[in-house]
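**Student:** Provided below are the primary sequence and the corresponding predicted coordinates.
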Amino acid sequence: MEKIVILDGYVANSGDLSWNALENLGEVTVYDRTAPGEVVERANDATAIYTNKVVITDEIMEALPALKFIGVLATGYNNVDIEAAHRREIAVCNVPAYSTDSVAQLVFAHLLHIINTIGDYAESVNKGEWSGNKDFSYRLTPFNELAGMTIGIIGMGNIGRRVAAIAQAFGMKVITNSKRELPEGVERVSLDTLFSQSDVISLNSALTPTTKGIVNREAIAKMKPSAILINTSRGPLVDEEALAEALREERIAAAGIDVLCEEPPRHGSPLIGCPRCYVTPHIAWQSTQARKRLIDISIENLKSSIGNNPQNLV
């Protein structure tokens, strides 16, 4: 029988979903969180482990000789020493594309919140400002339609393509610097052109040496004063100090940020509390439907690995 240990299951499943299907594959132990020094003890004799953010090093694998499978409860797998796993013939499987709709939805939740200032209007009404108004309607600040705006998308994978489709449904012009084959109606431009022409920039790229710090002082200097930046991908794509400085000096209009360079931001971030910067705690991926897909696919990954026909190998 397989011995299965989930090292940090709480964020994916805080109790509203179920791991029960795993019990058909073996003996299951679920930990909400696991500190680095607890991994070996908790996974002792395990044939399969699941990790979301717990780091699995070569040394940990060496201390777990029974281990045959590492399931990553995410798309990114930089927390696992892949080379060491391959050398030890341990299957590592991730979960690609489970949160595409969820992440794309939050891109526009941030964008519409910024454009329409719904929170400000709701607060105004709650304060009685509508009840005592001389007119049937009033404006706190002007807002603009998305139709006719240009959105520049950096990263044209599954999420970027979904963002493009939603943007086109709003009547936006979509541009990208991606070298991939593009959806119909999406225009390929240089990165400089993307920064200078976009009314909205959506970061939907993986973190690579090329994309790290892609939004820096030089890039921000090319942006329109009315531009809005949305980041739902990875925090280090953005130079946080440079972005905070630009927002404070009103060199760009606003930012919707779901990811930071340090998560959680135990040492703070210049973006938290920054004017016209709206930070959410890395929630884009975690709709109920996306988390259920994550769990279901993760279980199928192990099932297929036990059957010697592994899926989603990395």
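**Tutor:** Thanks, I have it.
**Student:** residue ranges for the strands of the protein, please.
**Tutor:** Counting by DSSP state E, the chain has strands at residues 2-6, 26-30, 48-51, 69-72, 91-93, 150-154, 173-176, 186-188, 200-203, 228-231, 254-257, 277-279.
**Student:** What strands flank the second one, and is each parallel or antiparallel?
**Tutor:** Right, the one you point to is strand 26-30. strand 2-6 (parallel) (DSSP bridges).
**Student:** Could you measure from the nearest residue to Arg217 once chain neighbours are set aside over to Gln286?
**Tutor:** Nearest residue to Arg217, sequence neighbours excluded (CB to CB, 6 or more residues apart in numbering): Ala242, at 4.3 Å. Glycine gets a C-beta too; all of them are placed from N, C-alpha and C. Using CB to CB, to the nearest Å, one gets 28 Å for the distance from Ala242 to Gln286.
**Student:** Assess the claim that Thr211 and Ile154 are in contact.
**Tutor:** Yes: the pair Thr211 / Ile154 is scored as a contact, 7.4 Å apart, by CB atoms under 8 Å.
**Student:** rewinding a little: can you tell which of the strands of the chain is closest to Leu237?
**Tutor:** strand 200-203 (5.2 Å; CB to CB).
**Student:** For Ser178, which non-adjacent residue is spatially closest?
**Tutor:** Using CB to CB, 6+ apart, the closest residue to Ser178 is Met156 (3.6 Å).
**Student:** pretty sure the one you found contacts Thr176?
**Tutor:** Yes: using CB under 8 Å, Met156 is in contact with Thr176, at 5.2 Å.
**Student:** Run through the stretch 101-250 of the chain and note the low-pLDDT ranges.
**Tutor:** Across the stretch 101-250 of the chain, nothing is flagged by pLDDT under 70.
**Student:** ok, for Ile60, nearest residue in space, not its chain neighbours?
**Tutor:** Leaving aside its chain neighbours, Ile60 sits nearest to Val39 (5.5 Å; criterion: CB to CB, 6+ apart).
**Student:** now do the same end-to-end measure for stretch 19-32.
**Tutor:** Stretch 19-32 has an end-to-end distance of 12 Å (criterion: CA to CA, to the nearest Å).
**Student:** how far does that stretch sit from the chain's center?
**Tutor:** 26 Å (CA atoms, centre = their mean, to the nearest Å).
**Student:** try stretch 107-124
**Tutor:** 20 Å.
**Student:** what sits up against that stretch?
**Tutor:** 130, 140-141, 143-144, 146, 163, 166, 170, 200, 202, 204, 228, 230, 232, 253-254, 256-258, 276, 278, 280, 284 (CB atoms under 8 Å, 6 or more residues apart in numbering).
**Student:** Buried subset of the residues you listed as a ChimeraX selection?
**Tutor:** Buried residues among the contacts of stretch 107-124 (16 or more other CB atoms under 10 Å), as a ChimeraX selection:
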select :146,163,166,200,202,204,228,230,232,253,254,256,257,258,278,284
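**Student:** quick one: contacts for Pro275?
**Tutor:** Leu247, Arg248.
**Student:** per-residue pLDDT, it?
**Tutor:** Here the pLDDT value assigned to Pro275 is 97.
**Student:** Against Ile201, how distant is it?
**Tutor:** Pro275 is 19 Å from Ile201, by CB to CB.
**Student:** ok, now Asp58?
**Tutor:** In terms of CB to CB, Asp58 sits 39 Å off from Ile201.
**Student:** go on, Cys274?
**Tutor:** Where Ile201 is concerned, Cys274 sits at a distance of 17 Å (CB to CB).
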